[in-house]
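Q: sequence plus predicted model, see below.
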Amino acid sequence: MVTITLKNLRKTFGEVVATDDVNMVLEDGKLSTLLGPSGCGKTTLLRLIAGFYEPDHGEIYFDDRNVTDIPPNKRNTGMCFQSYALWPHMTVFDNISYGLKIKRVQGMKYTPSAIDKRVNNALELVQMSGLGERTPHQLSGGQQQRVALARALVIEPDVLLLDEPLSNLDAKLRVEMREEILRIQGELGITTVYVTHDQIEALSISDMVAVMDVGYIQQYAPPREIYDSPQTLFVADFIGKCTFLDGEISALGDTLSVRLPDGQIVKGMTPLLGYPFQLNELVRCAVRPEDLHSVATSLEDNMISGVVNQVVFVGSNIEVNFNVGEVSATSLLPSDAELEPGSLIKLYAPLSQMMVLPIGGIDALRKIPGHPLYASTES
Amino acid sequence: MSYLVRKFPFTVRAAYAGLQQTPIELEEASLNVGATRNKTFSSIVVPLIGVSVLAGALLSFVYCVSEVSTSLLLGGANYNDAPLTYWIRDVNAGLPPLFGAGPAAALGVLMMVLQMIVIVATNAILKTRASAMTGI
């Protein structure tokens, strides 16, 4: 098992910067997720770790070993491709045993019986015993996925790389395979990097989540922290729902006061510790729909008033869309609240749930001393 | 040699199409589990594009059999090894007018039958192999 360290990685394709300024430590035995919309550079990053791409600059370490210039076949990683990439001209057994036949342990080959045993163990691990003689096209999507997983695991890799492994499966199978992957990862305790664009998938299975956008790591933190204190507007928007209110800072301090365009003042905290806010700086307040309540829970709560625009019944709750000045906002209220479109609404948000974030995303992160991106401003 | 030069592109195109249809992930997956580039080529790439190469080769063969211009040009120099099309012309020209047309046509039919057998055989092979690979 290894800890993967990425130092200042950058990869471009021609003029396009696929990923840049990546500094992160993927810890030993943990499941880390790269999460982001398509085209954000998450697969590029995974392929850099696998060795299919060479970075423009920067280094990749497996523990203390610099693997940046080592070809993919010498890195001992096990990768599951999005398309599974099973070899169609081989049986399941041959697909899985292929890597074992090549592998040498201290210069020695595996004996045929050892290969047999290991392949059968791998098939058992993914609950596919007895299907070794089939060819890939005789398997369902979920089964193919399992074979791909077994093939990656059977060579006992230091690192398991999963590239959107569940994106081709139907919803029910997806949950099943997700638990399967979690179980196997837990059983083997293998360092795993998981790429996905599904936030629920990412939040539910990961030890650590790295949210990526336009090639940059926006935030790298445990799932709860990602949800509770997003560090950029992108993260707040991408993970869960958020209502955004633009405003100007009118007072600094532990709690920041923000003047909204229609004159209301809201107070909030910033999840972005160390960011040098300035008076009259344009900022954006983010608040989750479930944190906007119809009754105040404490005296310090923010009161936001607006005009109800639309009321949507979503089962356990009602979703209220309302306008604060020009901005539309969303709140999730208990379904017994009686509201009509056009009526005035007063909602309360606890101070701690009103997240004040600077506009500018990555550039804002660069201004924070101690942040991984801080030092790289000049490069 | 002439045939080789003239029909080479057909085989190359077919092999190239085969390569393009083979996802790069299949090769990467092989590298990923520890295979060298040479090993990947021999045990992954060659079997996968083999069908396409075979198809291209047979196509070239069919073209060659009915090739006229090269046959006429080079056939005379090497009478005993001359191809079918040269013989057809020879039969047609060697016998008196109208008497040559019959046997030449018969030879032509023979040639078509030969071609058809090859094409049917190719299809049969490709069908089984292709369905084994794609599952269609």
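A: Nice, I can see it.
Q: next, count neighbours for the residue of the stretch 101-250 of chain A found nearest chain B.
A: Minimum separation of the stretch 101-250 of chain A from chain B (CB to the nearest CB) falls at A:H137, amounting to 2.9 Å. The C-beta positions use only the backbone N, C-alpha and C, and glycine is treated the same way. Residues within reach of A:H137, counting by other CB atoms under 10 Å in any protein chain shown, total 14.
Q: my read: it touches A:P88, true?
A: Yes: applying CB atoms under 8 Å, one finds A:H137 in contact with A:P88, separated by 6.4 Å.
Q: what residues does chain A have near chain B?
A: A:50-52, A:71-74, A:76-79, A:81, A:83, A:85-89, A:98-99, A:102-103, A:135-138, A:151-152, A:155 (CB under 8 Å from any CB of the partner chain).
Q: tell me the secondary structure for A:H89?
A: Look at A:H89: counting by DSSP: H, G, I helix; E, B strand; the rest coil, its state is coil.
Q: neighbours around it, how many?
A: 20.
Q: for it, give me phi and psi.
A: Torsion angles at A:H89 (phi, psi; degrees, to the nearest 10) stand at phi -90, psi 10.
Q: next one, pLDDT for the nearest residue to it once chain neighbours are set aside please.
A: Nearest residue to A:H89, sequence neighbours excluded (CB to CB, 6 or more residues apart in numbering or on different chains): B:P47, at 4.7 Å. pLDDT recorded at B:P47 is 82.
Q: what is the helix or strand bottoming out on mean pLDDT in chain A packed up against?
A: Within chain A, no helix or strand scores below helix A:362-365, which has a mean of 76 by mean pLDDT, DSSP states H and E. Where contact means 3 or more CB pairs under 8 Å, 6 or more residues apart in numbering or on different chains; DSSP states H and E, helix A:362-365 is packed against strand A:216-221.
Q: elements contacting the strand it packs on?
A: Counting contacts by 3+ CB pairs under 8 Å, 6+ apart, strand A:216-221 packs against strand A:16-26, strand A:208-213, helix A:233-238, helix A:362-365.
Q: buried sites along the last one?
A: Taking 16 or more other CB atoms under 10 Å in any protein chain shown as the neighbour-count basis, helix A:362-365 is seen to contain the buried residues A:I362, A:A364, A:L365.
Q: with the third one instead?
A: Going by neighbour count (16+ other CB under 10 Å), the buried part of helix A:233-238 is A:L233, A:F234, A:V235, A:A236, A:F238.
Q: which parts of stretch A:9-25 are buried?
A: A:L9, A:R10, A:K11, A:V17, A:A18, A:T19, A:D20, A:D21, A:V22, A:N23, A:M24, A:V25.
Q: again, but for stretch A:138-154
A: Here stretch A:138-154 shows A:139, A:142-154 as buried, counting by 16+ other CB under 10 Å.
Q: quick one: mean pLDDT over that stretch.
A: 89.
Q: for chain B, what are the low-confidence residue spans?
A: Flagging of chain B using pLDDT under 70 yields the residue ranges B:1-4, B:6-7, B:65-84, B:87, B:93-100, B:125-136.
Q: which residues in it form helices?
A: B:2-21, B:24-32, B:37-40, B:46-65, B:69-75, B:84-94, B:101-134 (DSSP state H).
Q: can you redo those helices as TSV with mean neighbour count?
A: Listed next are these as TSV, based on neighbours: other CB atoms under 10 Å in any protein chain shown:
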stretch	mean neighbour count
helix B:2-21	15
helix B:24-32	22
helix B:37-40	14
helix B:46-65	18
helix B:69-75	16
helix B:84-94	18
helix B:101-134	13
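Q: which among those is found nearest to A:G274?
A: helix B:24-32 (40.2 Å; CB to CB).
Q: per-domain residue ranges of chain A.
A: For chain A, automatic domain parsing gives the domain ranges A:4-228, A:233-378.
Q: weakest of these in terms of mean pLDDT?
A: Looking at these, the bottom one is domain A:233-378 with a mean of 81.
Q: for the closest residue to B:L58 other than its chain neighbours, what are its contacts?
A: Nearest non-adjacent residue to B:L58, counting by CB to CB, 6+ apart: B:T122, 4.5 Å away. Going by CB atoms under 8 Å, 6 or more residues apart in numbering or on different chains, B:T122 touches B:L54, B:A55, B:L58, B:L59.
Q: between these, which is nearest A:E338?
A: Closest to A:E338 out of the contacts of B:T122 is B:A55 (71.9 Å), distances taken as CB to CB.
Q: surely the closest one and B:R13 touch.
A: No: with contact defined as CB under 8 Å, B:A55 does not count as touching B:R13 (10.5 Å).
Q: show me where the stretch 201-350 of chain A has its strands.
A: Secondary structure of the stretch 201-350 of chain A by DSSP state E, counting those that start in this stretch: the strands cover A:208-213, A:216-221, A:243-251, A:256-259, A:265-268, A:282-287, A:302-313, A:317-324, A:327-334, A:344-349.
Q: mean neighbour count, these: which tops it?
A: strand A:208-213 (a mean of 25; mean count of other CB atoms under 10 Å in any protein chain shown).
Q: count of neighbours near the closest residue to chain B within the stretch 251-379 of chain A?
A: With CB to the nearest CB, the shortest gap between the stretch 251-379 of chain A and chain B falls at A:P372, namely 28.4 Å. By the criterion of other CB under 10 Å, A:P372 has 17 neighbours.
Q: quick one: which of the strands of the stretch 201-350 of chain A is nearest B:S42?
A: strand A:208-213 (37.6 Å).
Q: partners of that closest one, with directions?
A: Each strand paired with strand A:208-213, and its direction, by DSSP bridges: strand A:31-35 (parallel), strand A:216-221 (antiparallel).
Q: Serialize those strands to TSV and add fields for distance to A:L173.
A: Listed next are the strands paired with strand A:208-213 as TSV, based on distance: least, CB to CB, whole Å:
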stretch	distance to A:L173
strand A:31-35	19
strand A:216-221	29
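Q: hang on, isn't A:L123 packed against A:G132?
A: Yes: assessed by CB under 8 Å, A:L123 is found in contact with A:G132 at 6.1 Å.
Q: can you show me the helices along chain A?
A: So, for chain A - with DSSP H - the helices run A:42-50, A:92-102, A:112-125, A:141-154, A:171-188, A:199-205, A:223-228, A:233-238, A:362-365.
Q: tell me which of those sits nearest to A:D336.
A: The nearest among these, by CB to CB, is helix A:223-228 at 26.8 Å.
Q: can you list contacts of the closest one?
A: So helix A:223-228 is contacted by A:A202, A:L203, A:S204, A:S206, A:M208, A:V209, A:V211, A:Q219, A:V235, A:I239, A:G240, A:P271 (CB under 8 Å, 6+ apart).
Q: ok, the first one - contacts?
A: This means A:A202. Applying CB under 8 Å, 6+ apart, we find A:A202 in contact with A:T33, A:L35, A:Y194, A:T196, A:V209, A:P223.
Q: just the buried residues out of those residues, in ChimeraX syntax.
A: Buried subset of the contacts of A:A202, written as a ChimeraX selection, criterion 16+ other CB under 10 Å:
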select /A:33,35,194,196,209,223
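Q: about what we covered before: wait, which of the buried residues of helix A:362-365 is closest to A:G247?
A: A:A364 (15.8 Å).
Q: my guess is the closest one meets A:T232, correct?
A: Yes: counting by CB under 8 Å, A:T232 is a contact partner of A:A364 at 6.9 Å.
Q: so what sits against both of the two?
A: Counting by CB under 8 Å, 6+ apart, the residues touching both A:A364 and A:T232 are A:L357.
Q: what about stretch A:325-339, start to end distance?
A: 19 Å (CA to CA, to the nearest Å).
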